[in-house]
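[1] Coordinates for the following, if possible.
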Amino acid sequence: MELLNLGRHCANPNCKQLDYLPTKCQYCKKDFCFDHSKPSEHNCNDAPSGDGERVPTCPLCGIPVPIVRGEDPNVRMEQHIAKGCHPPPATISSKPFNSCSFSRCKERVAIRLTCSGCGKNYCIKHRLEPDHMCDKMKKGNKIKPSASELVTNESNSKSNPKPTPKPTVKKSKKSIKAWFKKIFK
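    Predicted coordinates for the structure are as follows:
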């Protein structure tokens with residue numbers, strides 16, 4: 001019997017259906033069931049009339065053409081076009097994409113990935129020199145580091161000697177089993 005207090009009855013006099021999710025009309029502020037939720041379905045007196053509410057847009061230039069209430073929209077649109085409707089100039093619709101320069105790849109990406117060896121654009125799969133068979137690699141010319149990079153690498157290796165790795169202790173199967181038993185008891 002507690003469920004009788006839930007929900008609302010439809011305000012349409014011919015319906016009166018008990019609805020647990022009623023819809024309130026934005027104009028008359030009454031509760032209605034789903035079938036009568038639109039103002040046209042419950043003959044709402046407070047809803048504005050649909051005449052003159054829409055403003056058509058010109059199909060050529062895309063500018064809204066205002067229409068006075070009661071005026072034929074076709075006549076007004078013809079007047080707009082006759083006065084000199086100026087369609088916008090053709091523009092590039094989107095930013096051009098960078099297509100992969102690899103011969104068998106048709107991938108197009110928005111980010112430019114240029115190879116430092118050959119200077120061509122590639123997708124993520126072919127961005128590395130071995131992946132796209134770079135011209136520099138075919139000739140056998142590997143990209144050499146500059147002299148300043150070599151000097152900094154040598155000075156870093158002398159000042160910071162490489163740490164010796166710590167010896168790792170292999171655990172036997174028995175010690176691992178004992179560790180699991182200890183944790184899961």
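[2] List the contacts of Arg112.
    For Arg112, the contacting residues are 98, 121, by C-beta atoms under 8 Å, 6 or more residues apart in numbering. For glycine as for every other residue, the C-beta is placed from the backbone atoms N, C-alpha and C.
[3] which SS class is it?
    Following DSSP: H, G, I helix; E, B strand; the rest coil, Arg112 is assigned to coil.
[4] Could you report the separation of the residue nearest to His9 when sequence neighbours are not counted from Pro22?
    Spatial nearest neighbour of His9, chain neighbours left out: Lys16 (5.1 Å); criterion: C-beta to C-beta, 6 or more residues apart in numbering. In this view, Lys16 and Pro22 are 12 Å apart by C-beta to C-beta, to the nearest Å.
[5] Compare the two and say which is more crowded by neighbours.
    Pro22 (19 against 10; other C-beta atoms under 10 Å).
[6] Heading C-terminal from the helix or strand bottoming out on mean pLDDT in the chain, find the next helix or strand.
    Ranked by mean pLDDT, DSSP states H and E, the weakest helix or strand in the chain is helix 147-159, scoring a mean of 55. Later in the chain than helix 147-159, the nearest helix or strand by DSSP states H and E is helix 173-183.
[7] how many other residues sit next to Leu128?
    12.
[8] That one: helix or strand, and which one exactly?
    Per DSSP H and E, there is no helix or strand for Leu128.
[9] domain ranges for this structure?
    2-36, 54-87, 97-142 (automatic domain parsing).
[10] any chance of those in TSV, plus mean pLDDT?
    TSV is the format used below for those (pLDDT from 0 to 100):
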stretch	mean pLDDT
domain 2-36	88
domain 54-87	82
domain 97-142	80
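[11] Would you convert those domains into a markdown table that also reports distance to Ala47?
    Below are the domains of the chain laid out as a markdown table (distance: least, C-beta to C-beta, whole Å):
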| stretch | distance to Ala47 |
| --- | --- |
| domain 2-36 | 4 |
| domain 54-87 | 15 |
| domain 97-142 | 47 |
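[12] distance of the closest residue to Arg76 other than its chain neighbours from Leu60?
    Sequence neighbours aside, Ile67 is the residue nearest to Arg76 in space, at 5.0 Å (criterion: C-beta to C-beta, 6+ apart). Note on Ile67: its distance to Leu60, by C-beta to C-beta, is 17 Å.
[13] same question, Glu78
    12 Å.
[14] Tell me which residues touch the closest residue in space to His132 that isn't next to it in sequence, please.
    Nearest residue to His132, sequence neighbours excluded (C-beta to C-beta, 6+ apart): His126, at 4.1 Å. Listed by C-beta under 8 Å, 6+ apart, the contact partners of His126 are 100, 102, 105, 132.
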